[in-house]
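# predicted model and sequence follow; I will ask about them next.
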Amino acid sequence: MKNSGYLILLLALGLVFVSYKWRSSSQADPAAAVSNATIEDIMTRTSVRAYSDRSVDSMTIDTLLHAAMAAPSAGNKQPWRFVVITDKSRLKYIGENFRTMKMATGAATAVVMCGDVNATFPGEGREYWVQDVSAASENLLLAAHALGLGAVWCGIYPQTERVDKFSEMLGLPDSIVPMACICIGYPAGQQTPKDKWNPENIRYNTWEATGLR
Ligand SMILES: Cc1cc2nc3c(=O)[nH]c(=O)nc-3n(C[C@H](O)[C@H](O)[C@H](O)COP(=O)(O)O)c2cc1C
C-alpha cells in the first residue's frame with residue numbers, strides 16, 4: 001500500500017474511534033455532551049447556605065421575581081405572591097426562630113414564596129397552588145444561580161407551626177399561605193453540586209418495563 005493509502009486508513013480508524021468515544025460519553029452523561037447555558041445552570045445549581053456581606057441590589061431582586069413569575073401555572077391562575085425581606089432584623093429573627101433556616105441571619109435577602117388560595121381553582125384543584133408556587137420557586141433558584149447568587153429553598157408549608165409563625169410575623173391575611181422561604185446572598189466560598197443522576201428512578205412506558213426505551 002502506498003503512503004497515501006495508509007494515511008486514509010489511519011484517518012478512517014481515527015474517525016471511527018472519535019465517533020465511538022462521543023457516542024459512549026453522550027450515553028453515560030447526556031447533559032455533559034450538550035453545550036447549553038440553561039442546562040449548565042440547571043446541572044450546577046446547588047443549595048447555598050453561607051453568604052458574603054455583599055448586598056443584593058433591587059434590580060437584581062426584580063430580575064429574580066420576573067423569573068419566578070415566568071413559571072408555568074395551572075390554568076394560568078398565577079396564585080403566587082411574594083414577600084421580599086430586606087430588613088436585617090427580620091432575617092435574623094427567621095434565622096433564630098426556625099431550626100432549619102439558620103442561614104437567614106447571614107443572608108442579604110429572602111423571598112417568602114406564598115400562594116393565594118382564593119386565586120386558584122375551587123374544589124380539589126385548589127392544591128394546584130402548591131405546584132405553581134413550587135415552579136416559581138425553582139425558577140427563582142435557577143435565576144439566582146445564573147446571576148452568581150447563592151440561594152436555598154427552606155420549606156414552610158405544609159408544616160402548620162411554620163405556616164402559623166410566618167403568617168403572624170408577616171401579617172399575612174388568611175387566604176395567603178407561606179410555602180417556602182428562599183434565602184439569598186452572594187456565596188461565601190465554592191459549592192459542589194450534588195450528582196443526583198440515578199437511572200433506577202426511570203421507567204419507560206410502564207412501571208414494569210425496565211431498561212426499554
Ligand atoms: C420542599 C423543600 C424544603 C426544603 N427545606 C429546607 C430547609 O428548611 N432548610 C435547608 O437548609 N434546606 C432545605 N431544602 C433544601 C434541600 O435540603 C436541598 O435542596 C437538598 O439537600 C438537595 O441539595 P441541592 O439543593 O444542593 O441539590 C429544602 C428543599 C425543598 C425542595
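Arrived safely.
# now for the longest strand seen in the chain, which elements pack on it?
Identified as the longest strand of the chain according to DSSP state E is strand 176-185. If contacts are counted by 3 or more C-beta pairs under 8 Å, 6 or more residues apart in numbering; DSSP states H and E, strand 176-185 sits against strand 109-116, helix 128-146, strand 150-155, helix 160-170. In short, each C-beta sits where N, CA and C put it, glycine included.
# the most centrally placed residue in the chain - nearest residue in space that isn't next to it in sequence?
Using C-alpha atoms, centre = their mean, the residue of the chain that lies closest to the mean C-alpha position is E138, 3.6 Å off. Closest residue to E138 apart from its sequence neighbours, by C-beta to C-beta, 6 or more residues apart in numbering: A71 at 7.5 Å.
# what about that neighbour, how many neighbours?
When neighbours are defined as other C-beta atoms under 10 Å, A71 has 18 of them.
# can you count the residues close to T86?
13.
# got it, and A70?
Using other C-beta under 10 Å, A70 has 13 neighbouring residues.
# surely it meets L142?
No - with contacts counted by C-beta atoms under 8 Å, A70 stays clear of L142, the gap being 10.6 Å.
# any common contacting residues for those two?
Listed as contacting both A70 and L142 by C-beta atoms under 8 Å, 6 or more residues apart in numbering is no residue at all.
# picking that back up, so how far is I176 from the residue nearest to E138?
Applying C-beta to C-beta, to the nearest Å, the value for A71 to I176 is 18 Å.
# I184 now?
Counting by C-beta to C-beta, the gap from I184 to I176 is 21 Å.
# those two: which is more packed in?
A side-by-side neighbour count of I184 and I176, using other C-beta under 10 Å, places I184 first with 26 against 19.
# for this protein, which residues are neighbours of the ligand?
Residues of the chain found near the ligand (C-beta under 6 Å from any ligand atom) are 46-47, 49, 100-101, 152-155, 194.
# just the buried members of these?
Neighbour counting by 16 or more other C-beta atoms under 10 Å classes 46, 49, 101, 152-154 among the residues of the chain next to the ligand as buried.
# report pLDDT for M169.
Per-residue pLDDT puts M169 at 97.
# same question, E208
In this model, E208 is scored at 87, pLDDT.
# neighbours of it, how many?
Using other C-beta under 10 Å, E208 has 7 other residues around it.
# stretch 191-205: how far from the chain's middle?
On the basis of C-alpha atoms, centre = their mean, to the nearest Å, stretch 191-205 is displaced by 15 Å from the centre of the chain it belongs to.
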